[in-house]
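Undergrad: Please work out how this folds:
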Amino acid sequence: MGLPVVQTGDKAPLGKRLFILLQQLIPQHFLSSLMYALARSEIGFIKNSVIRIVNWMFDINMQDAVVKDPLAYPSFNAFFTRALEPASRPLDSNSTTIISPVDGAVSQAGHIESGLLFQAKGIHYSITALLGGDAETAKRFSDGDFATIYLSPRDYHRIHMPVDGKLSSMTHVPGELFSVNETTTSLIPGLFARNERIINLFETPAGPMALIMVGAIFVGSMDTVWAGTVTPSSKRISHQEYLDQPHAEISLEKGEEMGRFNMGSTVILLFGKNQVNLDGMIAAGREVKMGERIGTRIQA
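TA: Residues are numbered from 1 along each chain as shown. Below you'll find the predicted structure:
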């Protein structure tokens, strides 16, 4: 894809620019493949060492986990994608509410204006590009609403349904694997439309919804409950339809697990025009927990 164009309006410090340059120079996919293998190693001293280091670096709360001993997991990836006690993430069960699909921090949220989503100060990006160039699907979300939620390494990494939904399609878009932290999102235009991602389209009581799983550095793979581990087999976009195929119909209830990240990354939610109200419920910087209310659907 060539050199990333770094946002210059804020005159970012040299250290941040070097951080971006380093990400561009390193073999992102090769390093992510190595991490994929390391994270699944069941050799005791390897997986225990990695778990201890990550646990120490990010002060991970294990009290919510079903298995509370971090070294009891068979691999680092099993530890990283650990299940939580259901009582630790109560669901807002009101039929009109939209819940957070993940634990994380809200990067941005708001309206989709003129086919653009807000990424960071001075940076917008195209919804069509985010959706892998699918202009027809982009029209379904024109003037709608979006929320971008960042998952840090300390967060719970399973992804759940914000509302009841029937899976319409899944599209895997190969791409870069830049970090998706605050520094990178503020400096690389169109970051989320450049990184590898899985676009999951659902038909819901709140109209069409896209739940987009964005890959990042060291996110060697992403999982969905219907397709298992999704990894790029080529540099081409792959697409699978699910509606009108009774043998492949996938319906999930609000709060039900739909996938997971194998290492941290970002989820982007898209809703159609006049379908949901996110105003005042989520704002940039707010931390959210899976299951809590982040909006309501607008009832006709």
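
Undergrad: Over to S95: give its phi and psi.
TA: Here is the backbone geometry of S95 (degrees, to the nearest 10): phi -70, psi -20.

Undergrad: give me the number of residues near it?
TA: Other residues lying near S95 total 10 when counted by other C-beta atoms under 10 Å. From N, CA and C alone the C-beta is placed, and that goes for glycine too.

Undergrad: Skipping adjacent residues, who's closest to it in space?
TA: Excluding the flanking residues, the one nearest S95 by C-beta to C-beta, 6 or more residues apart in numbering is P205, at 7.8 Å.

Undergrad: Quick check: the one you found touching I298?
TA: No. Judged on C-beta atoms under 8 Å, P205 makes no contact with I298 at a distance of 10.7 Å.

Undergrad: What strand or helix carries R52?
TA: helix 44-58 (DSSP states H and E).

Undergrad: again, but for D92
TA: Applying DSSP H and E, one finds D92 in no helix or strand.

Undergrad: what is the mean pLDDT for stretch 246-260?
TA: Across stretch 246-260, the average pLDDT comes to 90.

Undergrad: And for stretch 51-69, what's in contact with it?
TA: 70-71, 73, 76, 79-80, 82-85, 88-89, 152-154, 156 (C-beta atoms under 8 Å, 6 or more residues apart in numbering).

Undergrad: Quick check on these: which are buried?
TA: Neighbour-count burial (16 or more other C-beta atoms under 10 Å) applied to the contacts of stretch 51-69 gives 70, 73, 76, 79-80, 82, 84, 89, 156.

Undergrad: that older thread, okay, and which of the contacts of stretch 51-69 map to helices?
TA: 76, 79-80 (DSSP state H).

Undergrad: hey, where'd the strands end up in the stretch 1-150 of the chain?
TA: All strands of the stretch 1-150 of the chain, identified by DSSP state E, counting those that start in this stretch, fall at 97-99, 104-111, 116-120, 123-126, 145-150.

Undergrad: and of those strands, who's closest to G133?
TA: Evaluated over these, closeness to G133 peaks at strand 123-126, with 9.4 Å, by C-beta to C-beta.

Undergrad: Can you spell out which helices and strands pack onto that closest one?
TA: strand 116-120 (3 or more C-beta pairs under 8 Å, 6 or more residues apart in numbering; DSSP states H and E).

Undergrad: which residues are contacting the strand it packs on?
TA: Residues contacting strand 116-120 (C-beta under 8 Å, 6+ apart): 7, 107-108, 110, 124-127, 130, 146, 148, 182, 185-186, 189-192, 268.

Undergrad: quick check: angle from it to strand 145-150?
TA: 30 degrees (axes from the mean of the first three to the mean of the last three C-alpha atoms, to 10 degrees).

Undergrad: Specify the beta-bridge partners of the residue most central in space within the chain.
TA: By C-alpha atoms, centre = their mean, the chain has its centre lying nearest to V267, at 2.5 Å. On the basis of DSSP bridges, V267 is bridged to I149, M213.

Undergrad: Going forward, count from 29.
TA: Understood, numbering begins at 29; the last thing we discussed is V295.

Undergrad: Touching, R325 and T124? I think so.
TA: Yes. With contact defined as C-beta under 8 Å, R325 reaches T124; the gap is 5.4 Å.

Undergrad: Save the ones in helices among the contacts of stretch 79-97 as a markdown table, and put in pLDDT and distance to K301 too.
TA: Putting these into a markdown table (pLDDT from 0 to 100; distance: C-beta to C-beta, whole Å) gives the following:
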| residue | pLDDT | distance to K301 |
| --- | --- | --- |
| F104 | 91 | 43 |
| F107 | 94 | 41 |
| F108 | 91 | 37 |
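
Undergrad: Show me which residues of the helix holding R80 are buried.
TA: 75, 78-79, 82.

Undergrad: Mind putting those residues into a markdown table with distance to I278?
TA: Formatted as a markdown table, the buried residues of helix 72-86 follow (distance: C-beta to C-beta, whole Å):
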| residue | distance to I278 |
| --- | --- |
| K75 | 32 |
| V78 | 33 |
| I79 | 33 |
| V82 | 32 |
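
Undergrad: List the contacts of S196.
TA: When contacts are taken as C-beta under 8 Å, 6+ apart, S196 is in contact with 229-231, 236, 269-271.

Undergrad: related to what we said a few turns ago, return the member of the buried residues of helix 72-86 nearest to I245.
TA: Nearest member of the buried residues of helix 72-86 to I245, counting by C-beta to C-beta, is V82, at 15.0 Å.
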